[in-house]
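S.K.: Just the structure for this:
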Amino acid sequence: MIQRYTKAAAVSVGVGAVLLAVVANFAPKHALADSGDAAYNTETDNLDENGKEGYETAQTDLLFWYEDNSYRTYFEKAAEDYYAKTQVKVQPVCTESLDYIGEIYDTTMQGEGRPDAYLLGGDCLEEAYLYGLAEENKNSAVYEDAVGQALLACAYKDKVYGYPLSFNSCVFVYQNGYFAAQPESLQSIIDYSDENEPPEHVEFLLEWNVNDPFYDFPFISNSVSFESEDGQSLDVVYNQELYEQDLLYFEQILASFSIDANTVTEESVIEHFLAGKTLCAIIDTKDLQYLKNYDYSLMQIPNLNESLTARTCATTDLIVVNPFSEKKEIAADFAVFATSEEAKLLKEYAGTYSVFKPQEMEAADVLAYESYENAVLAPDAREAKDFWIGLKETIHKYF
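M.R.: Got it, this is the predicted structure:
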């Protein structure tokens, strides 16, 4: 799992240079309802118009685990809305753990308190499958209109197991008013800054969280590929000549950026950009929520230079049904509801993008979806963990 440590036209986003404080915490009736399943609570006398009152006093029918606390408000809302629709109470439980899948497995084997469904990063699907914790998704037709990458992230050995919810990939932001035109590459940014003095208050030409390989990936993306035969073990294949060129170029340009690996974080990159201290930054699509009312320009990850290309990596969060659940059909029904029908509220309540494109999109939304569609999908094989650890260690050698 990527532990957050998972040629484009630029667009101008937002109006007015309003400096925002960065938020501390990155934040028809279903057929089953008529099936007579004992899990459905038919007591609706205490149900108010939005279902909240009835939900709070109802007995829990399903347990749903998730690891990322930024989803808390969204899953609480989804559970309340699902109860109002079906009278089934889903209890979301935020379970932060160093071994999330291992904890799901242990709790499942113990038989008490096991989740009926859970949120999972798509790059961990193989591990969940090998643990025996992934029920096949027989409702995949629901996602035919989703972004193509989404179902790919939910597939393993020619079957679909997950219910895709949201995605995350990297984008490139830069301050308006300094560059004469959209940057064509990182090298063009360096060259331009050598000839044009940045504003006095600027401290960084480019920043990104160098401690997270998710943000480092573009610098070596053209020299690595992930290959597997018939869904078997993953091979990380390097073009050695290109890889050496990438690392040599990376070493040469670092002096232009002055990043302190000991202090830089995802949050500090956003703070510096909003304060005007940073001219350019590599951030992820989830962080675009913090720039909503700020005046800036946005583009996909630029190439390194004229000969070295660059691509971002993308992760997909998905819901998985636990095959050991005694209420698998209902759990699958909630998974569909939370990832498709309710997903229109995802950006508002969790600050992240649904795998379904909304009918109306702002310029930043369009670029976010393009970034996901053009990204290298983070592989879900266990062998990929060694790649991410190795990339992090390689990049750290230069700081």
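
S.K.: Just give me the neighbour total for residue 323.
M.R.: By other CB atoms under 10 Å, 14 other residues sit near residue 323. Where C-beta positions appear, they are placed from N, C-alpha and C, glycine not excepted.

S.K.: before we move on, what about residue 224?
M.R.: 17.

S.K.: So what's the residue count around the nearest residue in space to it that is not next to it in sequence?
M.R.: Using CB to CB, 6 or more residues apart in numbering and skipping the chain neighbours, the partner closest in space to residue 224 is residue 238 (5.5 Å). By other CB under 10 Å, 14 other residues sit near residue 238.

S.K.: these two touch, right, residue 238 and residue 223?
M.R.: Yes - contact status for residue 238 versus residue 223: in contact at 5.9 Å, counting by CB atoms under 8 Å.

S.K.: Tell me which residues touch the nearest residue to residue 170 once chain neighbours are set aside, please.
M.R.: Among residues not flanking residue 170 along the chain, residue 312 sits closest, at 3.9 Å (CB to CB, 6+ apart). Shown in contact with residue 312 (CB atoms under 8 Å, 6 or more residues apart in numbering): 169-171, 217-218, 221, 300-301, 371, 374-376.

S.K.: repeat that with 7 Å
M.R.: 169-170, 217-218, 301, 371, 375 (CB atoms under 7 Å, 6 or more residues apart in numbering).

S.K.: What of residue 304?
M.R.: For residue 304, counting by CB under 7 Å, 6+ apart, the contacting residues are 185-187, 219, 249, 310.

S.K.: Over to residue 375: give its phi and psi.
M.R.: Main-chain dihedrals, residue 375, degrees, to the nearest 10: phi -80, psi 160.

S.K.: Looks like it contacts residue 169 (just checking).
M.R.: Yes - counting by CB atoms under 7 Å, residue 375 touches residue 169, with 4.6 Å between them.

S.K.: Centroid-nearest residue for this structure?
M.R.: By CA atoms, centre = their mean, the chain has its centre lying nearest to residue 168, at 2.9 Å.

S.K.: Surely that one is in contact with residue 286?
M.R.: Yes - with contacts counted by CB under 7 Å, residue 168 reaches residue 286, the gap being 5.4 Å.

S.K.: all helices of the stretch 51-200 of the chain, in order?
M.R.: Listed in chain order, the helices found in the stretch 51-200 of the chain under DSSP state H, counting those that start in this stretch are 52-57, 72-86, 100-110, 125-130, 148-153, 186-195.

S.K.: The residue nearest to the centre of the chain pairs with what?
M.R.: Taking DSSP bridges as the rule, residue 168 bridges to residue 315.

S.K.: Tell me how far it lies from residue 244.
M.R.: 29 Å (CB to CB, to the nearest Å).

S.K.: got it, and residue 69?
M.R.: In terms of CB to CB, residue 69 sits 40 Å off from residue 244.
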